[in-house]
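*Asks:* coords below, sequence missing:
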């Protein structure tokens, strides 16, 4: 879709006068290429109208300062707002992620869309309903408590024919009222008014199935992604990356691209890009540009030595988020000590499409189109990067090609604004596939050490869990600080590392189990390269979940095996919380789990069958998985026959949407566990496409996935989209042990690695 | 060396004047404004750019534009419309398949051609027909449900 920049309005000082035509659910209601109404910058957080509008036609709009990455969050928000307004959900439109139309609610972050993001909108919707009730009371001449509301029509309870609709009351006016803002931006933002929200027992809309709003447009090719936005007169740009990570250009031969029409080169220190009016010309220019690079010592260890590197590296920070009793003494005094180490490699976002952003930098203001899941952070970061006030930067979020944390989409806005300023034209930057795999942020490689003591009766006396790894945030998880961008780091800014590895989301490994003494600790080590690095870390879908739960839940399985116990019975013996127990019982009953100790029932035949289980928490959500696998003893290949995944994330808003979220999460977690591993040599990352970074193929998808949901209407909703990711690794590894007696302690579980484990079993 | 190349796209004759080696993907997107084929990898590894060329699923990111001179190119937009949907489009909506949706062009175009030639496929045949296509969100199970549903609608 071509963005139509009206010259008159674009040149005016009012950033809000931009005419934007982006196709998508927002535009659908008005036709295929709706023009957004004029918009004003930075909606004030203390105004009701910043969150809710009710329209003359009886519909409402919710302005949501987060985004939906494809999990139907906008639908859940519409349901929650509709519930409070007593409207059908399909009459609530949701506007997301446009910094001129939504307050900064932190973007997509930590699966907080419903648990935190929907709360101020729910409160604002309740307040809007109260205002409308008061307006109706004045018009109808009765007190508000004599009124009732149904589907946006307010009537006198005793005389139902005396009625007025929301649309008749509001006309085209905005809801002019203040709400009490808690002074916070981001995930923690909240507002409250005078109104009370509806008791959950009265819910009619929340808890019912509601379809996604973007799917028909996507299926009919009528939905624009950020990659589909075009600006008049724009240049296409491509970045040039060094062959050795950390190297900088020492000479750039511009004549090498002189045969390409209107090709331009932009070079500043380590930042190097080409641009051309035609996209194909920009791609060709990037391929043929001759560059001399500085001689740089190879920055990385041999990949084969990465886990020894982690073990031997100096510790930059240590945390002990859980210490109960004296685990060391309990283990020292135990009859038996069980110990194991688990290793997990770097993983790549490798989104379906590499990062893309567009920017139009003009003296009167800056516009950025981004698929980043934190558009308000992009606004703040770009403003700092360019040295302009944030209110002169308007960031428009447009669906990105996959979004699972701070990926390469978060680097492209900085490239785009820099290039637009240097070239004096609107610029569209899209990374190539080798950058989407090779230069995105990575989840950190790690080593987990676990020890436990068992007494004479096989009871656990104490457990110690320690994870040593690269920090999970070599760069921040948002774009608000430009020092965290590849552009800044290439221009001489160093890496801006933060030593954070604390188990995120308020969970710690083995948390559900009431072991008598526990120490849970983590340690971070320095990054491998102190500047723009293809192995810099940041958040990836379910940050740290896959590696920590792989270790913790494999180890619990090892304890069960060491004591000759059935893995489910062993877990139940140590569980105390009803929600943990309920999920474990629900998935094992559904799977028809028959108690017996894990281990192979026969050792002959090519195909060995087994089942494994895992259980985990994440920030209030409980998840569990039973995996049934077949292992080919000859090839080492694992085939997933069946998965039964269970999730309890409190009150369910939309059961259909939740079911798909959980199913997708466990399939994605299976891909991470079976296949994914960033490869590198001493110079650079070498997994740079889908052949060198394989993911789960559809021929390898489980034969059956069954989803069990437990609804808890009395418990506030918690994160839904990520938790099930973490269950896959341990359940599969435990099933492989059950099938073959071979214990997998390093991810991914490739056929070669399984074969090696079988040889050692 | 710019060359005029004429082909038919979604039932309309189109002429582009481009480098004949330029992949068809860029002619469709940048010259004709057809956004549904997506750039995913440029290496024919993911399928996001898939179109039909004379009915055959083709990775437009590695197909020189000159190679489709005089041929019929069909994109997802040409497969069906809300008024006259292709069964795979109906099934994708009914099964609510996509998460981010950036990959669906490849799956839908590949499945549409497969179902045209295989009226009552087994699940294994469906999986084999779709092997190699990439989905990063993990919608594999929903994709299988949708293709099976489309087969029953066709």
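*Replies:* That came through, no problem. Just so it is clear, the structure is predicted and the values come from calculations on it, not from any experiment. Residues are numbered from 1 along each chain as shown, chains lettered A, B, ... in the order given.

*Asks:* any weak-confidence spans in chain B?
*Replies:* Within chain B, no stretch has pLDDT under 70.

*Asks:* so where do the helices sit in it?
*Replies:* In chain B, the helices defined using DSSP state H lie at B:24-26, B:76-79, B:87-94, B:104-117, B:123-130, B:140-153.

*Asks:* list the contacts of the shortest one.
*Replies:* By Cβ atoms under 8 Å, 6 or more residues apart in numbering or on different chains, the surrounding residues in contact with helix B:24-26 are A:278-280, B:18, B:37, B:39, B:42, B:49, B:51, B:58, B:60-61, B:63-65, B:67-68, B:73. Where you see a C-beta, it was placed from the backbone N, CA and C, and this is true even at glycine.

*Asks:* may I see the buried residues of that helix?
*Replies:* Counting neighbours by 16 or more other Cβ atoms under 10 Å in any protein chain shown, one finds that the buried residues in helix B:24-26 are B:24, B:25, B:26.

*Asks:* do the same with the fifth one
*Replies:* Applying a neighbour-count criterion of 16+ other Cβ under 10 Å, one finds B:126, B:127, B:129, B:130 buried in helix B:123-130.

*Asks:* which two from those residues end up farthest apart in space?
*Replies:* B:127 and B:129 (7.3 Å; Cβ to Cβ).

*Asks:* how close does residue A:618 get to chain B?
*Replies:* Applying Cβ to the nearest Cβ, to the nearest Å, the value for residue A:618 to chain B is 17 Å.

*Asks:* residue A:166 contacts residue A:173, correct?
*Replies:* No. Contact criterion Cβ atoms under 8 Å: residue A:166 and residue A:173 do not qualify, at 11.7 Å.

*Asks:* neighbour count winner among those two?
*Replies:* residue A:166 (27 against 12; other Cβ atoms under 10 Å in any protein chain shown).

*Asks:* quick check: chain neighbours aside, which residue is closest to the more buried one?
*Replies:* The shortest distance from residue A:166 to any non-neighbouring residue, by Cβ to Cβ, 6 or more residues apart in numbering or on different chains, is to residue A:152 (4.5 Å).

*Asks:* same question for residue B:41.
*Replies:* Nearest to residue B:41 is residue A:433, by Cβ to Cβ, 6+ apart, at 4.2 Å.

*Asks:* now do residue B:3
*Replies:* residue B:20 (4.6 Å).

*Asks:* tell me how far that neighbour lies from residue A:210.
*Replies:* Note on residue B:20: its distance to residue A:210, by Cβ to Cβ, to the nearest Å, is 49 Å.

*Asks:* contacts only, for the residue lying closest to residue B:66 once chain neighbours are set aside.
*Replies:* Using Cβ to Cβ, 6+ apart and skipping the chain neighbours, the partner closest in space to residue B:66 is residue B:20 (3.5 Å). For residue B:20, the contact set (Cβ under 8 Å, 6+ apart) comprises B:1, B:3, B:5, B:64, B:65, B:66.

*Asks:* try residue A:738
*Replies:* A:598, A:599, A:600, A:610, A:611, A:612.

*Asks:* what is the burial count for the second one?
*Replies:* By that I understand residue A:599. Neighbours of residue A:599 (other Cβ under 10 Å): 13.

*Asks:* kindly report the same for the last one.
*Replies:* The local packing count at residue A:612 equals 24, with neighbours defined by other Cβ under 10 Å.

*Asks:* following element in sequence after the helix or strand where it lies, please.
*Replies:* For residue A:612, the host element (DSSP states H and E) is strand A:607-618. Remark: after strand A:607-618, the chain's next helix or strand is strand A:621-632, criterion DSSP H and E.

*Asks:* strand partners of that following strand, parallel vs antiparallel please.
*Replies:* strand A:607-618 (antiparallel), strand A:638-648 (antiparallel) (DSSP bridges).

*Asks:* excluding its backbone neighbours, what's nearest residue 47?
*Replies:* I'll assume chain A. Per Cβ to Cβ, 6+ apart, closest to residue A:47 is residue A:178, 6.4 Å.

*Asks:* switch to chain B, that's the one I care about
*Replies:* That would be residue B:106: by Cβ to Cβ, 6+ apart, it lies 2.8 Å from residue B:47.
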